[in-house]
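**Student:** quick one: sequence plus predicted model below, questions after.
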Amino acid sequence: VTTQKQQQQQQKHTRRSAVQLDTFVKQSRLSTYDKKAVKKKRFEKNASLLRGYKKSLKEEGFDASISRKRNRQRREQQDDEAAAVGSDAHDSKAVAKDKINNEDGVNNKRKKYRRTDPLFRAKQQAELKKKERAEKFAAIEQGKAVREKKLKERKVKAKRMMGRTKKGQPFMDNEILNMLEKIRKSTTST
């Protein structure tokens, strides 16, 4: 019969399977930086961000393949604006650019792209929810007003019908008015 201490000593001295060199280096405390893994992770992150950006461009109605072209066009527009405001040297450069563009047959009119708002859809949905809530609230308020009006009418009618003479008989004029109202309602509904 072996004791627990002997079993622990045997487990310490048992032979372990061999570890490959690259896994040993990765597991060692000396080298925790795996360049390939970091590079792959960065690439995947950038790819997912780019996919999301292109998806949002499509949703906004832009062609996703021309994003770089659009940035280039914006820079050219800014350069043209700076040239118009800038000094004579800039003016001569702008004139030279225009001559080159006209010779190539390129239109000077550039298509203006609106900036994409990443929260555009969320804002639209929030506005719709706000409108729905306002409509619901208005309907509830209107229902409350109708109920209150009917309740007041009922109270007035009940008070009128409870009127009695000294001997405890109901007032006939109130009874007659009540009957007339019932007749009017029945003729208007039919």
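**Tutor:** Received it, and whenever you're ready, just let me know what you need.
**Student:** for this structure, name the helix or strand with the lowest mean pLDDT.
**Tutor:** One helix or strand of the chain scores below all others by mean pLDDT, DSSP states H and E: helix 88-104, with a mean of 52.
**Student:** pLDDT below threshold where in the chain?
**Tutor:** 1-2, 12-17, 19, 25-32, 66-76, 79, 82-113 (pLDDT under 70).
**Student:** give me the longest helix you can find in it.
**Tutor:** helix 120-161 (DSSP state H).
**Student:** give me the next element, helix or strand, following it.
**Tutor:** Using DSSP states H and E, the next helix or strand after helix 120-161 towards the C-terminus is helix 172-189.
**Student:** and that following helix, what does it pack onto?
**Tutor:** helix 120-161 (3 or more Cβ pairs under 8 Å, 6 or more residues apart in numbering; DSSP states H and E). Glycine gets a C-beta too; all of them are placed from N, C-alpha and C.
**Student:** and the helix it packs on with helix 172-189, angle?
**Tutor:** Angle of helix 120-161 versus helix 172-189, following axes from the mean of the first three to the mean of the last three Cα atoms, to 10 degrees, is 140 degrees.
**Student:** list the helices and strands helix 120-161 packs on?
**Tutor:** Here helix 120-161 is seen to pack against helix 172-189 when contacts are counted using 3+ Cβ pairs under 8 Å, 6+ apart.
**Student:** okay, buried residues for the helix it packs on please.
**Tutor:** Buried positions in helix 172-189, judged by neighbour count with 16 or more other Cβ atoms under 10 Å: Asn174.
**Student:** alright, I will stop here.
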